[in-house]
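**Student:** Coordinates for the following, if possible.
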Amino acid sequence: MAGDVLNIRKADECKWDCAAFGEVMLRFDPGHGRVRNARQFQVWEGGGEYNVARAMRKCWGKRATHVTALPNNDLGWLVEDLMMQGGVDQSHLIWRDFDGIGRNTRVGLNFTEKGFGIRPALGTSDRGHSAASQIRPGEVNWEKLFGEEGVRWFHTGGIFAALASNTAEAVIEAVECARKYGTVVSYDLNYRASLWKSQGGKEGAQKVNRHIAQYVDVMIGNEEDFTACLGFEVEGLDEHISDIDPANFKKMIEACTNHFTNFKVAATTLRNAKTASVNDWSAVIWAGGEFYQSRTRENLEIYDRVGGGDGFASGLAYGFLEGLGPQMAVEYGAAHGALAMTTPGDTSMVRAAEVETAIKSKGARVIR
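**Tutor:** Below is the predicted model:
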């Protein structure tokens, strides 16, 4: 069971079941159209790390807090309001003074198309000089969060670490403190070449992520992430890293966990994107020296793929927090990720009961 894999602090010892650390952006969604000729957008909040905390609260009913920074203006207050709707605690939020034009600080923006058929999803970020990207070591009272309040599960990731050298240093400071107080640390490598370009490319990504990896209990990423961020190769992949063979991924994970002996769990989603709208979807984890694979959902219909990996990460964490064991943890993660891709926006809009129904059932049915 989970106790054999992860030593998770008891709920009554901690104020928070989950804490996350990363940027929260505004996503501008043109619906089924294109960003380049849109005349209206629907606006959501989202961020790779935040999405996990929000799902912990809204889907899984857990106590969640998020650490980030926002400008003290109407856009910052809009993000605050959206976070309130998500039920995520903001007591560790940093507010920054605004200069009136956004030269000193701003909210990061992400313009994202869902894609359809042969047209893939497309994201265009506008996030320079954002409030969160300026977070530096010493700004967050980690001793209070992990030592005084107590956290069972801490989640952060490579997107936030890639924003600037100071955010990477802040992540290192956070995971060091989390480890000090026995908090389980999960980290989503989430490699983005565009973000690491100004931070030394793949070489810079590997230097930072291999340092952070020393403090990680649960490492999450797809095959490209492990290759680009940690330097571990997957045999039998083409240059576009498509059609992954789980057996080859397992070989890579074995090499990775032999090197980083602190990893207790390593996890990935397995996606074969036939079109933007139809994917084969499953997940596999290594836990306690054994591999566990979820059910494969062939020809899964996708409405909005953004956030599927974050849905997987939160479901995986929930399974372990509840002591359900590795096999159920990967099933919860894969099912939740699949459901998260059936609704618009980056964040999950489902409930735990719907995830459990998806795990048990072979197809959709009317829920009464």
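**Student:** which secondary structure elements does the worst-scoring helix or strand of the chain on mean pLDDT contact?
**Tutor:** For the chain, counting by mean pLDDT, DSSP states H and E, helix 246-259 ranks last in confidence among helices and strands (a mean of 83). Helices and strands in packing contact with helix 246-259 are listed as helix 223-230, strand 265-273, strand 278-287, strand 290-293; criterion 3 or more CB pairs under 8 Å, 6 or more residues apart in numbering; DSSP states H and E. In this view, the C-beta of every residue, glycine as well, is placed from N, C-alpha and C.
**Student:** Which stretch among those approaches residue 317 most closely?
**Tutor:** strand 265-273 (9.8 Å; CB to CB).
**Student:** hang on, the earlier thing: buried set for the least confident helix or strand of the chain?
**Tutor:** Of the residues in helix 246-259, those buried by neighbour count under the rule 16 or more other CB atoms under 10 Å are 249-253, 256-257.
**Student:** how long is stretch 99-118 end to end?
**Tutor:** Separation of the first and last residues of stretch 99-118 by CA to CA, to the nearest Å is 43 Å.
**Student:** Show the average pLDDT along it.
**Tutor:** Per-residue confidence for stretch 99-118 averages out to 95 on the pLDDT scale.
**Student:** The chain should start at 50 in everything you say after this.
**Tutor:** Understood, numbering begins at 50; the last thing we discussed is stretch 148-167.
**Student:** packing partners for the helix or strand containing residue 75?
**Tutor:** Secondary structure from DSSP states H and E places residue 75 in strand 74-78. Judged by 3+ CB pairs under 8 Å, 6+ apart, strand 74-78 is in contact with strand 91-95, helix 123-134, strand 158-162.
**Student:** Can you report how many residues lie near the closest residue to residue 339 other than its chain neighbours?
**Tutor:** When the adjacent residues along the chain are set aside, residue 339 lies closest to residue 375, with 7.1 Å between them (CB to CB, 6 or more residues apart in numbering). For residue 375, the tally of surrounding residues (other CB atoms under 10 Å) stands at 24.
**Student:** what's residue 375 sitting at in phi/psi?
**Tutor:** With angles defined as degrees, to the nearest 10, residue 375 shows backbone torsions of phi -60, psi -40.
**Student:** Residue 357 and residue 93, how far apart?
**Tutor:** As defined by CB to CB, to the nearest Å, residue 357 lies at a distance of 15 Å from residue 93.
**Student:** The two: who's more crowded?
**Tutor:** Comparing residue 357 with residue 93 by neighbour count (other CB under 10 Å), the higher total belongs to residue 357, at 25 against 20.
**Student:** Can you give me the distance of that one to residue 390?
**Tutor:** The span separating residue 357 from residue 390 equals 4 Å under the rule CB to CB.
**Student:** would you list every one of the strands in the stretch 50-199 of the chain?
**Tutor:** Counting by DSSP state E, counting those that start in this stretch, the segments of the stretch 50-199 of the chain that form strands are 65-70, 74-78, 91-95, 113-116, 118-120, 143-145, 158-162, 171-175.
**Student:** so which of those comes closest to residue 408?
**Tutor:** With CB to CB, the closest approach to residue 408 among the strands of the stretch 50-199 of the chain belongs to strand 65-70: 20.9 Å.
**Student:** List the pairing partners of the closest one within its sheet, with orientation.
**Tutor:** In the sheet containing strand 65-70, the strands it pairs with under DSSP bridges are strand 113-116 (parallel), strand 200-206 (parallel).
**Student:** Pick the most deeply packed of those.
**Tutor:** Highest mean neighbour count among these (mean count of other CB atoms under 10 Å): strand 200-206, with a mean of 28.
**Student:** how far does it sit from the chain's center?
**Tutor:** Taking the mean C-alpha point of strand 200-206 and that of its whole chain, the gap between them comes to 11 Å (CA atoms, centre = their mean, to the nearest Å).
**Student:** buried set for stretch 380-400?
**Tutor:** Under 16+ other CB under 10 Å, the buried positions of stretch 380-400 are 380-391, 393-397, 399.
**Student:** now swap in stretch 89-102 and tell me
**Tutor:** Of all the residues in stretch 89-102, those buried under the rule 16+ other CB under 10 Å are 90, 93-102.
**Student:** same deal with stretch 306-317?
**Tutor:** Across stretch 306-317, burial judged by 16+ other CB under 10 Å covers 306, 309, 312-317.
**Student:** Any chance you could list what contacts it?
**Tutor:** Contacts of stretch 306-317 with the rest of the structure, by CB atoms under 8 Å, 6 or more residues apart in numbering, involve 54-55, 262-272, 274-275, 281, 298, 302, 305, 332-337, 361-362, 365, 369, 375, 379, 382.
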